Structure formats: structure tokens, C-alpha cells
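*Asks:* Using only what follows, build the 3D model:
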Amino acid sequence: SSYTSPNANVSEVLIYERALGEQERVDLEASLADKYGIYHPDATWIENNYDEAFRTVVHSNSWHKSVADEFFAYRESSGLSNMFFEGLRAWFRPEELAEDYSQGDLVDVWRDAMGLRALSTASSSYRPSFESSLEHGLAGLRFDGGNDEL
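*Replies:* Numbers count the residues shown, from 1 in each chain. The predicted model follows:
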């Protein structure tokens, strides 16, 4: 038989000569989650790296390690409470724009800080421009008030 896969990346494949038991499968998934820094409720990287309150946030958002590390560091440096992160599904920050664009560039894609989503516009005539210093000196997007969209 044939299988058409979705657009995906595969790093590792394990094939056994027998069906794994439920606990074996869960342990293996958790081990691979630790190895690759992906989310699994039993991954030890969650228990070993964060305080209890932030672990709850990681679990509620099913964050991968790279995302959790970034937001944990941000929480620590900003003083934001865990409530800020609970249920967070996307965060479009100017920092991501500044990595990809220079002053006045037309923005076709704005990546979410969590690496899960992006806002985009196909037509260049509808793109807002990147501004390195808007209100309070912070970067952001300037929409022309006409037809710009993301």
C-alpha cells in the first residue's frame, strides 16, 4: 500500500518486531520528547527546568522546549505573572519583525514568537510597512489606512 504524507520533517523512526505495551509506548514517547525538546506530558525536561507554576503553563499550552525556554526567560526578566501566558496561542511581537525587516520594508509575513503561526499577505500592494520606531520607540507595523492587511 502507499501513503501520502503531509508536509513534515522526520528525524527518527523506530520499528519493533512486536507491539509495544501502553507503558512502553508512553515511556518511549517521553524519552523522544526529551531528546528532541518536544512537548509530551511526561517529558522530564518540563519537570527539571521550571517552577511548578510555569510547568502548569507549559502543560496548558503544550509548548515545545524552545518556546518554553524563551517564555520562561522572558517571564523572569519582565516580571510578568504566569497568568499572562496561560492559554496563549500566538504572540506577534515586534522582535520577530526586527529580525526579518529593515525600516520601511513592506511586510509580507509576521512570524509568531512561539513559532507556530504566521500572518501573511500575498499581494505587495496590501502590505503594511515595518517601522523601527513607533510609539515609545518600539518597532511595529504602519498600516496606510487604505488597503493594508495581514
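*Asks:* gap between the two ends of stretch 51-70?
*Replies:* End-to-end distance for stretch 51-70: 15 Å, by Cα to Cα, to the nearest Å.
*Asks:* Under the pLDDT cut-off, which ranges of the chain? List them.
*Replies:* Along the chain, segments meeting pLDDT under 70 span 1-8, 115-116, 150.
*Asks:* What segments of it are helices?
*Replies:* 22-36, 44-49, 52-61, 65-78, 94-100 (DSSP state H).
*Asks:* want to throw those into a markdown table with distance to L106 and mean neighbour count?
*Replies:* Any C-beta I mention is one placed from the backbone N, CA and C, and that applies to glycine too. Below are these laid out as a markdown table (distance: least, Cβ to Cβ, whole Å; neighbours: other Cβ atoms under 10 Å):
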| stretch | distance to L106 | mean neighbour count |
| --- | --- | --- |
| helix 22-36 | 36 | 14 |
| helix 44-49 | 39 | 15 |
| helix 52-61 | 32 | 16 |
| helix 65-78 | 27 | 16 |
| helix 94-100 | 12 | 15 |
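*Asks:* Quick one: closest of those helices to E86.
*Replies:* For E86, the closest of these is helix 52-61, at 5.7 Å, according to Cβ to Cβ.
*Asks:* picking up where we left off before, got the helices of the chain as CSV, with distance to N9 columns?
*Replies:* CSV is the format used below for the helices of the chain (distance: least, Cβ to Cβ, whole Å):
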stretch, distance to N9
helix 22-36, 11
helix 44-49, 20
helix 52-61, 22
helix 65-78, 15
helix 94-100, 21
